[in-house]
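K.L.:
What shape does this take:
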Amino acid sequence: GVTRNISRQCLIGLSPLLGELVMAMTMFLGNISTMRLLGDAGVGAFGVVCYYLPFIFLLGNAIAQSGQPILSFNYGRRNTVRVRETFHYMVKTAIVCGLICAFAFFFLNTALTSFFIPANSPAGIIAIEAFPYYAACALPYIFNIVATGYFQSIERAKPSIVFALMRGTVFLIPSFILLPLWLGSTGVWLALTVSELSTTLFIVLFYTQRRIKRK
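P.N.:
Sure, this is the predicted structure:
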């Protein structure tokens, strides 16, 4: 009935909503950690990095939303070959975009910082140091958004919600709490990367297990 369809749509759409937690929790926890460890200059540097993180999110979201209509249509027609091919194209696109973002964060860190603050300022020096660490999160960040969108499109709401929660809370919060204790300010810069890589591992294991069961 109508109520059942609406509830299913809300459930399927819950994972993108939870995915927004990643950005919110990253900014919230990152500001607290950098203020405690590096003071105002650290918060300024973290703010510069956060200006660019939405671009990574938008790339992942664009790939996911571009593929969703094709995935949903072919899944409804039980065209599993087309569904699999589309997902593979999405993953390949995610890899390319992730590598481009990683290249920019690693090699253009000074230029990216200079767009907002002087590179030789206290905050600028810290931001230049932080960008290469965030380069490592670009690829898993985009892949996780794409993979979550894939499961959402084939009506696997529970896995997509679980993966969104992993990114936004399960791995992210402990990473921001524990890594700075062990690694100092470096732990703050690595927290998002560790969270995204951990989620990527679970997604790959889950997808591989499903493929094995089908065979």
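K.L.:
need the next SSE after the worst-scoring helix or strand of the chain on mean pLDDT, C-terminal direction.
P.N.:
In the chain, no helix or strand scores lower on mean pLDDT, DSSP states H and E than helix 2-12, which sits at a mean of 67. Once the chain leaves helix 2-12, the next helix or strand it forms, by DSSP states H and E, is helix 14-76.
K.L.:
Counting by contacts, list what that next one packs against.
P.N.:
In terms of contacts (3 or more CB pairs under 8 Å, 6 or more residues apart in numbering; DSSP states H and E), helix 14-76 is packed against helix 80-107, helix 109-114, helix 122-153, helix 157-165, helix 172-183, helix 185-214. C-beta: built from backbone N, CA, C; applies to glycine.
K.L.:
Swap in 6 Å and give it another go.
P.N.:
Secondary-structure packing of helix 14-76 (3 or more CB pairs under 6 Å, 6 or more residues apart in numbering; DSSP states H and E): helix 80-107, helix 122-153, helix 157-165, helix 172-183, helix 185-214.
K.L.:
And the ones you listed: which comes nearest residue 20?
P.N.:
Minimum separation from residue 20 across those (CB to CB) falls at helix 157-165, 9.0 Å.
K.L.:
Just to check, residue 106 is in contact with residue 135?
P.N.:
Yes: with contact defined as CB atoms under 6 Å, residue 106 reaches residue 135; the gap is 4.1 Å.
K.L.:
Neighbour count: the two, which is higher?
P.N.:
Legend: neighbour count by other CB atoms under 10 Å for residue 106 and residue 135, higher for residue 135 (20 against 15).
K.L.:
Please report how far the residue nearest to the spatial centre of the chain lies from residue 191.
P.N.:
Relative to the mean C-alpha position of the chain, the nearest C-alpha, by CA atoms, centre = their mean, is the one of residue 141, at 2.9 Å. Taking CB to CB, to the nearest Å as the measure, residue 141 and residue 191 are separated by 13 Å.
K.L.:
Equivalent analysis for residue 178, please.
P.N.:
For residue 178, the distance to residue 191 (CB to CB) stands at 9 Å.
K.L.:
Looking at these two, which one has more neighbours?
P.N.:
Neighbours per residue (other CB under 10 Å) separate residue 178 from residue 191, with residue 191 holding more: 27 against 13.
K.L.:
Residue 64 touches residue 149, doesn't it?
P.N.:
Yes: using CB under 6 Å, residue 64 is in contact with residue 149, at 2.9 Å.
K.L.:
burial count for residue 55?
P.N.:
Going by other CB under 10 Å, the residues that sit close to residue 55 add up to 13.
K.L.:
ignore the last one, residue 65
P.N.:
A count of nearby residues for residue 65, using other CB under 10 Å, gives 14.
K.L.:
Would you list the phi and psi of residue 119?
P.N.:
When read as degrees, to the nearest 10, the backbone of residue 119 gives phi -70, psi -20.
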